[in-house]
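Engineer: okay, predicted coordinates and the sequence, questions at the end:
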Amino acid sequence: MKRLMRFAVAVVAAVGLAVPVGSAAVAGPASSGHARFSALVFSRTAAFRHDSIPAGVAAIRQLGARHHFTVDATEDAGAFTDANLARYDVVVWLSTTGDVLNDAQQAAFERYIRAGGGYAGIHAASDTEYDWAWYGGLVGAYFRDHPGSVNAQFQVATVKVLGHDTAATRPLPRRWEREEEWYNFRTNPRDTVRVLAEVDERTYDPRGYSVPGGSPGMGRHHPVSWCQPFDGGRVFYTALGHKAEYYAEPLLLAHLLGGIRMAAGVTRFNCGHED
């Protein structure tokens, strides 16, 4: 966070302006002296829109209130300026889809990450910005498809939690049974990220909708959550969180809280190196 604070000072000094908030439609941080970090939740969509987004925003706000961090939320891409991003320790991309930032906004977010900022991607954050190669490296893998029939789209399956030495996995059982829309990805990121959890394809039908008869799943090691250091910043991603009711699940909320805290740099980030 010290690197991000230096970045904020440099940006404000360079532009000679106070940090803008009006154009981004985001509220300033709470005045309480107990906030441990600040998070911006970004949920703009330019393709499919998940109706769970309001529930996700509300859940993260509640986590902030309970665990002493400030939460602002916006769907305005105008929030992606150097000065505004420098106010936050982590930006949470909540079920974003499609092409949501222009070139200047993309460049500002790249500078934010390179200055030591944090990124937490939730569910459809991997279904975003397919033509921005840097973002593809950041999120780790792009969404390909999910089980497609009405009966198979949402299935109960077993998640295998791979270690309990991170804040995102410590609260979870070793084998976690839950319902989800299980994403298949275009590539398997396991060679470049630390996989935190994978879904056991033997416990559900993983065939996706993208080819006639169903595309294959991802095989024995099918990641659903991971983290990595990337281009100077910290990254956490989880494919979980499709339905609104999932954001009332204590274990999912604990997983999200841990991942957001990891990306913010306020707890141990053992995802390839120590900060």
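Structural biologist: All right, it came through fine.
Engineer: now stretch 163-181: buried residues?
Structural biologist: 166-169, 172, 176, 180-181 (16 or more other Cβ atoms under 10 Å). (C-beta placed from N, C-alpha, C; glycine too.)
Engineer: to the chain's geometric centre, what's the distance from it?
Structural biologist: Distance of stretch 163-181 from the chain centroid (Cα atoms, centre = their mean, to the nearest Å) equals 16 Å.
Engineer: repeat for stretch 90-103
Structural biologist: The answer for stretch 90-103 is 10 Å, by Cα atoms, centre = their mean.
Engineer: stretch 253-266 too?
Structural biologist: 10 Å.
Engineer: list the buried residues in it.
Structural biologist: 253-266.
Engineer: how near is the residue lying closest to residue 210 once chain neighbours are set aside to residue 57?
Structural biologist: In this structure, residue 210 finds its nearest non-sequential neighbour in residue 145, 4.0 Å apart by Cβ to Cβ, 6 or more residues apart in numbering. Plainly put, residue 145 is 26 Å away from residue 57 if you go by Cβ to Cβ, to the nearest Å.
Engineer: kindly report the same for residue 164.
Structural biologist: Relative to residue 57, and taking Cβ to Cβ, residue 164 is found at 28 Å.
Engineer: go on, residue 119?
Structural biologist: Relative to residue 57, and taking Cβ to Cβ, residue 119 is found at 17 Å.
Engineer: got phi/psi on residue 155?
Structural biologist: phi -140, psi 150 (degrees, to the nearest 10).
Engineer: now do it, the pLDDT please.
Structural biologist: The model reports residue 155 with a pLDDT of 97.
Engineer: show me what contacts the closest residue to it other than its chain neighbours?
Structural biologist: Closest residue in space to residue 155, ignoring its immediate chain neighbours: residue 204 at 4.2 Å, by Cβ to Cβ, 6+ apart. The contact partners of residue 204, by Cβ atoms under 8 Å, 6 or more residues apart in numbering, come to 147, 152, 155-157, 182.
Engineer: got phi/psi on residue 204?
Structural biologist: Torsion angles, degrees, to the nearest 10, at residue 204: phi -160, psi 180.
Engineer: let me know the helix or strand that the residue positioned nearest the centre of the chain is in.
Structural biologist: Central residue of the chain (Cα atoms, centre = their mean): residue 121, 1.2 Å from the mean position. Residue 121 belongs to strand 118-122 when assigned by DSSP states H and E.
Engineer: that strand pairs with which strands?
Structural biologist: Strand pairing for strand 118-122, using DSSP bridges, gives strand 90-94 (parallel), strand 233-238 (parallel).
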